[in-house]
Structure formats: C-alpha cells, structure tokens
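Student: model the structure of this input:
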Amino acid sequence: MEADDPQQAGPGTVLITGGGGLIGTALAAALLRDGNAVERTSRRELDVRDARAVRDRVVALEPRVIFHLAGDSDLARCARDPDMAAELHVGGTRNVLDAAARLAQPPAFVCASTRHVYDHDAGAGPIGERGTFVTTPGYGETRARADLLVMASRDVPAASLRLTNVYGPGDPRSGRIVPVIESSIRHRRPIELLAGSSRQLELLHVDDAVAAYLALAAALVAGRRGVAGSAFNAGSGVATTAGELVATAQESAGTALPVRFGAGHEAARPLRLLESSALHSATGWKPRVALGDGLAGVVAGTGAQHPTI
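Tutor: The predicted structure is shown next:
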C-alpha cells in the first residue's frame, strides 16, 4: 500500500486500486494537487482477487471515492490465461464492489474499462456504448463482464469508463508505440516499430483520461441522473496512422531519425473510433490535448494540469 499522505488517510480518502501505472500515477497527482488524501495500491500490496483483504482495506479506509484501475492490460497474457483475466477483472471488480457496499456511506465507484470490450468487426463507423461486445475469452471479454457487474450495482453508485489507447509522459509500458518512439528520440537511435506506417490508432492523452475519470466521479458524487449504472466511452475521436505519429513526434523533438516500420498488422477496414458524446452530455468532458502538444510533452517528459473533483 502506498499512502500519498498517511496523516490524512481515513474517511474522505480517495482509493485507487492498481494505481501504479501511467493513469493511476497521473490521477493521484491530480487529486493531490486539489488537496485530497489519496491511497494507491499495487497488485503486490492489494490483490483484488483476495476478497477478505479487499474488504478489510476498504472498510478500514472508508473512502469517499474508489477508482478501480486494478487489472492486467497485457492482451497476449490474458488470451493465454483467460481464467486469470476473469479472476482479476471480474472477480476483482466484484470484490471491490462488495466491500464498498458494506460501508454506511458507499463511495462513488469508477471502474476502468477499455475499447477492447467491443467487437470492432461487428459493424462500421464510430462505436457507441451499445456496441456489440467481444466474446473471445481474454482481456476485452473479461472487462466487458466486469462492466456488467458495475452497471448492475444497486448498493454502490458506480459507472465504468471505457478508454481508448492512452499515452503520456513516463509510461512504464515500454513496448507500446509511443514509449518506443519517445525512447528512440531520447537516445537518438533509429525508430523501429512493429506496426506498418498505415496502421491506424486512436490516442488519448493521459491528462484527458484523468479529466474523464474525475468528471465521472464528480457526477456520481453529485448524484447526477443517468450516470450511476452506466458505462461511458472516452476517446479522442481522431484516427492517426503510425507514420503520422512518428512524423509528429519527430517534428516536436526537432529530429529526423531513420524509421523502420513493420510489415503488417494492418486493419482490413478503417479504424472504428469511440463515440464519446454520452460522457460529454453527462459531465461536460471532452478531449483537450491535441496530439502534437501531447507528443511534445512526452518528448519533454511533462504533462498538463486539470481541475479535479
């Protein structure tokens, strides 16, 4: 367990499960800037599959908001071991929800979800929250099942946030495309990518992801109608190719490094973007960090600041 301000920990604290990654770190920093007491837990410190450990921690802490980010975003590992993915995403979410329901004042509960819950081959155009779920066991399927638990919650004001691909400075996931580009630029070495130059991505800056989490939590705390029991998409609404991404990053850094793209993994159809209008209607959220500005911050190792709950 990591208590960012141990002397303030207790009732009114914000709990972030799985808080050691890119989003959890940025979210904790934003909350602390606004004067909140924040407690983050990693999987080593709190295994959400352990119902008793989760119950004890939540009951002792009495948080007013829980951001449930714990999970495993390694798609290949989840595909190889779907039972592990189910225990972590479905069972873990159930355990945290059940623990939250034991409190006299149940906290607002925001659950991390993903664009991977959707079957991107089922239809065309932007995907709304009623898009068809993927059914192949693994990461997306278990996240979808966790979403259903959240949406069925009656004792805890809860909602899920389905994010597109998030990037930002200090991303520990070194194999992702933006960290690969950033590391190559920083070390002035050729940029080598597995993706082909025409591979399309939808990218959302971590500051916009944090702002979406905070906006959704604030709406739950305020009891805004139609928020609890719902899932919301959050995407940039912009498709970018790997080639454009590299060119923008190099322009931001003032470099002209050699680039080698991979041979494949190109989509047979245009990328389906996330439709985020429901979140905008419910909370006023919209993405604000342009790709060029965001990549400039990644290269420089800096981020923006946003208001919190």
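
Student: average pLDDT across the helix or strand residue 110 falls within?
Tutor: Here residue 110 sits within strand 108-114, counting by DSSP states H and E. The average pLDDT for strand 108-114 rounds to 98.

Student: what does it contact?
Tutor: For strand 108-114, contacts defined as C-beta atoms under 8 Å, 6 or more residues apart in numbering pick out 18, 23, 64-71, 73, 93, 96-97, 100, 139-140, 143-144, 146-147, 150, 153, 156-163, 213, 216-217, 220-221, 231. Heads up, the C-betas are built off the backbone N, CA and C, glycines and all.

Student: which positions within the helix or strand following it qualify as buried?
Tutor: Per DSSP H and E, the first helix or strand lying C-terminal to strand 108-114 is helix 139-151. Residues of helix 139-151 classed as buried: 139, 140, 141, 142, 143, 144, 145, 146, 147, 149, 150 (neighbour count, 16 or more other C-beta atoms under 10 Å).

Student: touching, the fifth one and residue 115? I think so.
Tutor: No. Taking C-beta atoms under 8 Å as the definition, residue 143 is not a contact partner of residue 115, at 9.6 Å.

Student: mutual contacts of those two, please.
Tutor: Common neighbours of residue 143 and residue 115 (C-beta under 8 Å, 6+ apart) do not exist.

Student: ok, which stretches of the chain are helices?
Tutor: Secondary structure of the chain (DSSP state H): helices located at 22-33, 51-61, 75-80, 82-85, 92-101, 139-151, 177-186, 206-221, 242-253, 277-283, 291-300.

Student: check which helices and strands the last one sits against.
Tutor: What that stands for is helix 291-300. helix 177-186, strand 200-205, helix 242-253 (3 or more C-beta pairs under 8 Å, 6 or more residues apart in numbering; DSSP states H and E).

Student: so what touches the longest one?
Tutor: Same thing as helix 242-253. Helix 242-253 is contacted from outside by 177-178, 181-182, 185, 191, 193, 195-199, 201, 203, 240, 256-257, 259, 261, 291-292, 295-296, 298-299, using C-beta under 8 Å, 6+ apart.

Student: what subset of those is buried?
Tutor: Applying 16+ other C-beta under 10 Å to the contacts of helix 242-253 flags 177-178, 181-182, 185, 191, 193, 195-197, 199, 201, 203, 240, 257, 259, 261, 291, 295-296, 298-299 as buried.

Student: what score does residue 11 have for pLDDT?
Tutor: Residue 11 carries a pLDDT value of 54.

Student: please disregard the earlier target; I meant residue 308.
Tutor: 44.

Student: list the buried residues of stretch 27-39.
Tutor: 27, 28, 30, 31, 32, 36, 37, 38, 39.

Student: likewise for stretch 108-124?
Tutor: So, applying 16+ other C-beta under 10 Å, buried residues of stretch 108-124: 108-120.

Student: thinking again about what came up before, so which of the helices and strands packed on helix 291-300 comes closest to residue 48?
Tutor: Closest approach to residue 48 among those is made by strand 200-205 (24.5 Å; C-beta to C-beta).
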